[in-house]
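**Student:** pasted the sequence and its predicted model underneath.
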Amino acid sequence: MKVLVADKFERSGIDGLTAAGCDVLYQPDLKEESLTQAIAATGADALVVRGTKVTAAMLDAGRLSLIVRAGAGYNTIDVAAASTRGIYVSNCPGKNAIAVAELAFGLILALDRRIPDNVAELRAGTWNKKEYSKALGLYGRTLALLGVGSIGQEMIRRAAGFGMNVVIWSRRFDGERRPITDLEARDIGIESVLRAVAIELAPTPAAAVAGADVVSVHVALGPATKGLVNASLLAAMKPNAILVNTARGEVVDYAALAAAVRDRGLRVGLDVYANEPAAASAPFKDPLIDLPGVYGTHHIGASTDQAQEAIAAETVRIIRSYKETGRVPNVVNLARRTPATHMLVVRHRDRPGVLAHVFNHLRAANLNVQETENIVFEGAQAAVARINLDGEPPAPVCAQIKSENSDVLDLQLVTL
């Protein structure tokens with residue numbers, strides 16, 4: 001299998017792919033047209049990217065069958081185009097969760113104690129202990145989390161260590177604001193800290209942020225979350241509260257956020273921006289960063305050695321699995337539920353031509369086989385095929401399938 005790595009990638013990952021028998025082409029500076037040309041010229045089977053955009057034109061240029069996002073988010077990949085071309089898109093969820101949570105809490109602490117401003121004044125030769133002794137502190141304060149995936153869960157564990165209370169909004173929960181149950185905590189993997197921190201569920205984002213001292217954003221970018229943190233939500237926050245965004249820049253209305261900083265004294269920590277440069281080093285200007293009480297980092301949330309090694313190992317696991325078994329872990333673009341309406345279950349002898357016989361009759365009836373699975377019994381004398389169809393096969397077709405081939409032992413039709 002030929003693997004094109006078109007982004008910065010750990011040496012351990014390159015070595016792991018090579019050890020798995022892959023022909024690895026490491027070209028981390030490919031972008032746009034040069035990447036399109038490389039996909040065409042190399043004939044790569046799999047593409048590994050981090051922040052590089054993958055377009056429909058790139059998918060048409062070569063013979064890719066797998067794209068791996070060496071990270072969690074995959075909004076830079078045209079997933080819909082990949083789906084229509086039968087190309088798997090996979091990612092590495094949760095492998096950078098600790099790194100992002102560490103940065104988010106670093107920003108929270110920096111904002112509460114104004115650490116960057118402390119450093120700047122000391123470097124400028126000014127001693128200002130009276131001014132910088134003013135801080136609320138985090139113990140006993142309330143942290144609101146918008147999103148409680150793997151990063152949100154790591155935020156909860158760290159909030160417990162700081163003695164903070166936590167309010168969660170997640171689309172998986174609804175109803176009124178209430179304490180989380182033991183079963184719900186177990187479902188999202190935070191039961192171990194449930195006795196150390198008070199955790200409540202909120203029915204809406206506005207209900208979550210109301211009264212919170214710190215709000216941290218950890219939702220994936222999608223149609224339902226784009227602009228989630230808007231003027232209305234910001235108005236629900238306490239004056240002088242802290243907002244941290246380490247998710248995606250498009251999740252926050254930055255114009256509304258700038259107004260909230262100026263008018264209501266919100267303090268803000270950002271690691272992501274809607275207008276980020278494509279290159280690793282480039283000029284950058286955002287008026288929000290110039291405002292007092294706003295600290296920014298360079299979209300480095302996942303950029304620790306630990307996180308990158310974990311992501312590299314997961315990327316190797318995904319590609320090795322695909323190469324050796326045909327199965328792709330962490331696929332993001334398979335149908336969540338089969339679109340089929342009926343399943344034909346065929347119990348048959350394990351002989352050549354049996355399934356071809358079945359499929360020929362289904363094709364003659366203009367029925368599309370959308371999914372199929374054939375399971376062989378011990379001894380390899382018999383098997384069961386489960387065939388998902390886009391319609392109901394007529395009774396005469398089923399009768400022909402069974403009567404015209406003696407190796408078809410039984411048929412069963414299931415409505416899905």
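**Tutor:** In hand now; what should we look at?
**Student:** Thr204 reaches Trp169, doesn't it?
**Tutor:** Yes - judged on CB atoms under 8 Å, Thr204 makes contact with Trp169 at a distance of 6.6 Å. Quick note: C-beta positions are derived from backbone N, CA and C, even for glycine.
**Student:** between these two, which one's more packed in?
**Tutor:** When neighbours are counted by other CB atoms under 10 Å, Thr204 and Trp169 differ, and Trp169 comes out ahead with 25 against 13.
**Student:** which strand residues bridge the more buried one?
**Tutor:** Leu146 (DSSP bridges).
**Student:** show me the contacts for it.
**Tutor:** Trp169 is in contact with 144-147, 201-205, 207-208, counting by CB atoms under 8 Å, 6 or more residues apart in numbering.
**Student:** which one (most neighbours) among the residues you listed?
**Tutor:** Scoring the contacts of Trp169 on neighbours with other CB under 10 Å, the highest-scoring entry is Leu145 at 29 neighbours.
**Student:** and the chain, what are its domain boundaries?
**Tutor:** 2-95+306-325, 97-301, 342-415 (automatic domain parsing).
**Student:** need the ones you listed in CSV with distance to Val332 and mean pLDDT, can you?
**Tutor:** Output for the domains of the chain, formatted as CSV (distance: least, CB to CB, whole Å; pLDDT from 0 to 100):
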stretch, distance to Val332, mean pLDDT
domain 2-95+306-325, 5, 95
domain 97-301, 10, 94
domain 342-415, 18, 95
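**Student:** turn the ones you listed into TSV, columns for distance to Asn333.
**Tutor:** Shown next, in TSV, are the domains of the chain (distance: least, CB to CB, whole Å):
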stretch	distance to Asn333
domain 2-95+306-325	5
domain 97-301	13
domain 342-415	15
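**Student:** any idea how far the closest residue in space to Arg349 that isn't next to it in sequence is from Leu389?
**Tutor:** Nearest non-adjacent residue to Arg349, counting by CB to CB, 6 or more residues apart in numbering: Asp407, 4.1 Å away. Per CB to CB, to the nearest Å, Asp407 is found 21 Å from Leu389.
**Student:** from what I can see the residue nearest to Arg349 touches Pro352, true?
**Tutor:** No - at 9.3 Å, Asp407 does not count as touching Pro352 under the criterion of CB under 8 Å.
**Student:** ok, those two, which is more surrounded?
**Tutor:** Set Asp407 next to Pro352 and count neighbours by other CB under 10 Å: Asp407 wins out with 14 against 7.
**Student:** helices along the stretch 51-200 of the chain, start to end?
**Tutor:** Along the stretch 51-200 of the chain, the segments classed as helices by DSSP state H, counting those that start in this stretch run 56-61, 79-84, 97-113, 115-123, 129-132, 150-161, 182-187.
**Student:** my bad, should have said the stretch 251-400 of the chain
**Tutor:** Using DSSP H, counting those that start in this stretch, the helices of the stretch 251-400 of the chain run over 254-264, 305-325, 354-364, 395-403.
**Student:** which of those sits closest to Glu10?
**Tutor:** Across the helices of the stretch 251-400 of the chain, Glu10 has its closest neighbour in helix 305-325 (3.9 Å, CB to CB).
**Student:** against which helices or strands is the closest one packed?
**Tutor:** Secondary-structure packing of helix 305-325 (3 or more CB pairs under 8 Å, 6 or more residues apart in numbering; DSSP states H and E): helix 11-19, strand 46-49, strand 66-69, helix 97-113.
**Student:** and the ones you listed, which is most packed in?
**Tutor:** Ranked by mean neighbour count, the helices and strands packed on helix 305-325 are led by strand 46-49 with a mean of 28 (mean count of other CB atoms under 10 Å).
**Student:** return the distance of that strand from the chain's centre.
**Tutor:** 16 Å (CA atoms, centre = their mean, to the nearest Å).
**Student:** these two touch, right, Ala302 and Arg69?
**Tutor:** No - when contacts are counted by CB under 8 Å, Ala302 is not listed as touching Arg69 (11.4 Å).
**Student:** can you list the buried residues in stretch 259-270?
**Tutor:** The neighbour-count criterion (16 or more other CB atoms under 10 Å) identifies 260-261, 266-270 as the buried residues of stretch 259-270.
**Student:** which of these lies closest to Thr55?
**Tutor:** Leu270 (27.1 Å).
**Student:** partner residues bridging the closest one?
**Tutor:** Asn245, Gly296.
**Student:** dump the residue contacts of it.
**Tutor:** 107, 244-245, 249, 288-289, 294-297.
**Student:** now distance to Ile319 too, for those, in JSON lines please.
**Tutor:** What follows is those, written out as JSON lines (distance: CB to CB, whole Å):
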{"residue": "Leu107", "distance to Ile319": "34"}
{"residue": "Val244", "distance to Ile319": "34"}
{"residue": "Asn245", "distance to Ile319": "32"}
{"residue": "Gly249", "distance to Ile319": "30"}
{"residue": "Leu288", "distance to Ile319": "39"}
{"residue": "Ile289", "distance to Ile319": "38"}
{"residue": "Val294", "distance to Ile319": "40"}
{"residue": "Tyr295", "distance to Ile319": "38"}
{"residue": "Gly296", "distance to Ile319": "35"}
{"residue": "Thr297", "distance to Ile319": "31"}
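**Student:** just curious, which of the residues you listed is nearest to Ala312?
**Tutor:** Proximity of the contacts of Leu270 to Ala312 (CB to CB) peaks at Thr297, which lies at 22.3 Å.
**Student:** dump the residue contacts of the nearest residue in space to the closest one that is not next to it in sequence.
**Tutor:** Closest residue in space to Thr297, ignoring its immediate chain neighbours: Asp271 at 4.7 Å, by CB to CB, 6+ apart. Asp271 makes contacts with 103-104, 107, 245-246, 296-301, as judged by CB under 8 Å, 6+ apart.
**Student:** from those residues, which is closest to Ala159?
**Tutor:** Nearest to Ala159 out of those is Ala104 (CB to CB; 10.4 Å).
**Student:** quick check, the closest one in contact with Ser216.
**Tutor:** Yes - between Ala104 and Ser216 there is a contact under CB under 8 Å: 5.4 Å.
**Student:** touching both of these two, which residues are there?
**Tutor:** Common contacts of Ala104 and Ser216, defined by CB under 8 Å, 6+ apart, comprise 155, 244, 246.
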